[in-house]
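**Q** need the 3D shape of this:
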Amino acid sequence: MRVRFSLIPVVIATAFAAAGCTPGATEPSPTAPPTSAASSTSPASPSPAPSTEAERATSSATELVHEYYRTTDAVAADPARLEPLESVATSAELLRLQNTFKPWADDGWHQTGNVQVVKLVTQSVSLDNSDPDAGVIPTVQVEVCYDVSDVDVVDRAGASQVTANRSERGWERLWVSNPDYDDDPSSGWRVADRKTLEREPCAAD
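**A** Below is the predicted model of the structure:
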């Protein structure tokens, strides 16, 4: 069995566990001080519309994170179709996803079930867009607690590639950036990088 690089939490908890490896990404250097304090979101009653620029950026980035998980679930279920990844990821994360799913398609692997976002916490917001060519672009840093108890990764014969002792919940940090912020401040957000966090998983509901 060839080692698979991580993609979304399902692969962190499944394909990488099957290969006996621990995924991770190099944390980018900070580009500017954050403009907002940490906040958290979870299923709840509708909240007031965001009023400040930082709040609007946080709202847009949070929506993108949820779409990221939905899209990567869909691609993991049919890894021959990589094009949708470009709508939710960019930079190092897009390359990481593409390099994960192409071998899946070649070997006949696919995912069943979906990743559940249990908790999402916004850690920082930087709207500095002073030097896009140098990577200084608006970025929202979020941390996600995910649940993969409903997820399996199977080969062409239907055999599970998941180790029996995998953790069904865990945390990861995502850097959500918008290189086109000046022209498209709402829908230009993409996950640019991601890192698995070593911490206690969030509690079950």
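**Q** C-alpha only now, for contacts and for neighbours.
**A** OK.
**Q** tell me the confidence at P50?
**A** For P50, the pLDDT comes out at 63.
**Q** and the helices in the chain?
**A** Assigned by DSSP state H, the helices in the chain fall at 9-13, 15-19, 53-77, 91-107.
**Q** possible to save those helices as JSON lines with mean pLDDT?
**A** Converted to JSON lines, these look like this (pLDDT from 0 to 100):
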{"stretch": "helix 9-13", "mean pLDDT": "47"}
{"stretch": "helix 15-19", "mean pLDDT": "43"}
{"stretch": "helix 53-77", "mean pLDDT": "97"}
{"stretch": "helix 91-107", "mean pLDDT": "97"}
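**Q** quick check: which of these has the most neighbours on average?
**A** Of all those, helix 9-13 carries the top mean neighbour count, a mean of 28, counting by mean count of other C-alpha atoms under 10 Å.
**Q** remind me, longest strand of the protein?
**A** strand 116-126 (DSSP state E).
**Q** paired strands for that one, with orientation please.
**A** According to DSSP bridges, strand 116-126 forms sheet pairs with strand 39-41 (antiparallel), strand 139-147 (antiparallel).
**Q** got a list of what the residue sitting furthest away from the middle of the chain touches?
**A** Relative to the C-alpha centroid of the chain, counting by C-alpha atoms, centre = their mean, A157 is the outermost residue, at 28.4 Å. Applying C-alpha atoms under 8 Å, 6 or more residues apart in numbering to A157 gives no contacts.
**Q** can you tell me how far it is from A164?
**A** Distance, A157 to A164, using C-alpha to C-alpha, to the nearest Å: 18 Å.
**Q** V148 now?
**A** 13 Å.
**Q** before we move on, what about A134?
**A** A134 sits 44 Å away from A164, going by C-alpha to C-alpha.
**Q** what of I137?
**A** 41 Å.
**Q** these two: which has the busier surroundings?
**A** Higher neighbour count among I137 and A164: I137, with 21 against 10, using other C-alpha atoms under 10 Å.
**Q** list the contacts for the nearest residue to the more buried one once chain neighbours are set aside?
**A** Of all residues not flanking I137 in the chain, N129 sits nearest, at 4.4 Å (C-alpha to C-alpha, 6 or more residues apart in numbering). By C-alpha under 8 Å, 6+ apart, the residues touching N129 are 136-138, 181.
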